[in-house]
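S.K.: make a model of this:
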Amino acid sequence: MEDILLDFGHPTHLPFGVIVSRLLAAALFGAAIGFEREWRSHPAGLRTHMLVSLAAAAFAILGIEIVHSSQFDGDASRLDPLRLIEAVTAGVAFLAAGSIIFAQGTVKGLTTGAGLWLAGAIGLASGLGFWQVGAFATLLAIVILGLMHVLEKKLGRIDGQDGPPDD
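M.R.: Here you go, the predicted structure:
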């Protein structure tokens, strides 16, 4: 019974406060992008972007912890951060592709899909401790989404709709 309890939880390489702050940062950054999508009544909004960013951060933290875990000492584990990025990107791409719809000769959901993909990247950045990258990418995303919406309105691409026709 004692062996089971010892193996149930493993000490983390990162201090728990760091893990919590990285996960919170990812969720907040994802929320910032998701809020804009939610505000414009697009299908993947606040919760979806938060969860995508949070999941990516959790995978990044797990990748760090696995490499430093005694369970994987020796040849059982190799540090390959690109594999982690590829795996998260593939998973998020699957979700993003599901948000893109081709109907009646128009494509809708491309911006939402791109936002989900970016939320995954921001989550990875936050989870790996590069919160500055995540924060600045979030800021740029909000600026791009906001400015482009205003520009598209001025150019007449938006005919009284909540979002552009190809969105």
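
S.K.: how about the strands in the protein?
M.R.: Counting by DSSP state E, the chain has strands at residues 101-103, 106-108.

S.K.: flag whichever of the ones you listed has the least confidence on average.
M.R.: Least confident of these, judged by mean pLDDT, is strand 101-103 with a mean of 74.

S.K.: could the strands of the chain go into CSV alongside mean neighbour count and distance to Leu46?
M.R.: From N, CA and C alone the C-beta is placed, and that goes for glycine too. Converted to CSV, the strands of the chain look like this (neighbours: other CB atoms under 10 Å; distance: least, CB to CB, whole Å):
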stretch, mean neighbour count, distance to Leu46
strand 101-103, 10, 20
strand 106-108, 14, 19
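
S.K.: which stretches of the protein have low pLDDT?
M.R.: The model of the chain has pLDDT under 70 over residues 1-9, 71-79, 102, 157-167.

S.K.: if you set the cut-off to 50 instead, what comes out?
M.R.: 159-166 (pLDDT under 50).

S.K.: which of the strands of the chain sits closest to Ile66?
M.R.: Proximity of these to Ile66 was assessed by CB to CB; the nearest stretch is strand 101-103, lying at 37.1 Å.

S.K.: which residues in the protein form helices?
M.R.: Applying DSSP state H to the chain gives helices spanning 2-8, 16-39, 46-68, 81-98, 110-127, 131-154.

S.K.: from these, pick the one with the highest average neighbour count.
M.R.: Highest mean neighbour count among these (mean count of other CB atoms under 10 Å): helix 110-127, with a mean of 25.

S.K.: surely Val52 touches Leu118?
M.R.: No: using CB atoms under 8 Å, Val52 is not in contact with Leu118, being 9.2 Å away.

S.K.: turn the helices of the chain into TSV, columns for distance to Gln104.
M.R.: Listed next are the helices of the chain as TSV, based on distance: least, CB to CB, whole Å:
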stretch	distance to Gln104
helix 2-8	54
helix 16-39	22
helix 46-68	25
helix 81-98	19
helix 110-127	16
helix 131-154	20
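
S.K.: closest one to Ile122 among the strands of the chain?
M.R.: strand 106-108 (23.3 Å).

S.K.: in its sheet, what does that closest one sit against?
M.R.: strand 101-103 (antiparallel) (DSSP bridges).

S.K.: could you measure from the residue lying closest to Gly34 once chain neighbours are set aside over to Ile101?
M.R.: The shortest distance from Gly34 to any non-neighbouring residue, by CB to CB, 6 or more residues apart in numbering, is to His49 (3.0 Å). Distance, His49 to Ile101, by CB to CB, to the nearest Å: 18 Å.
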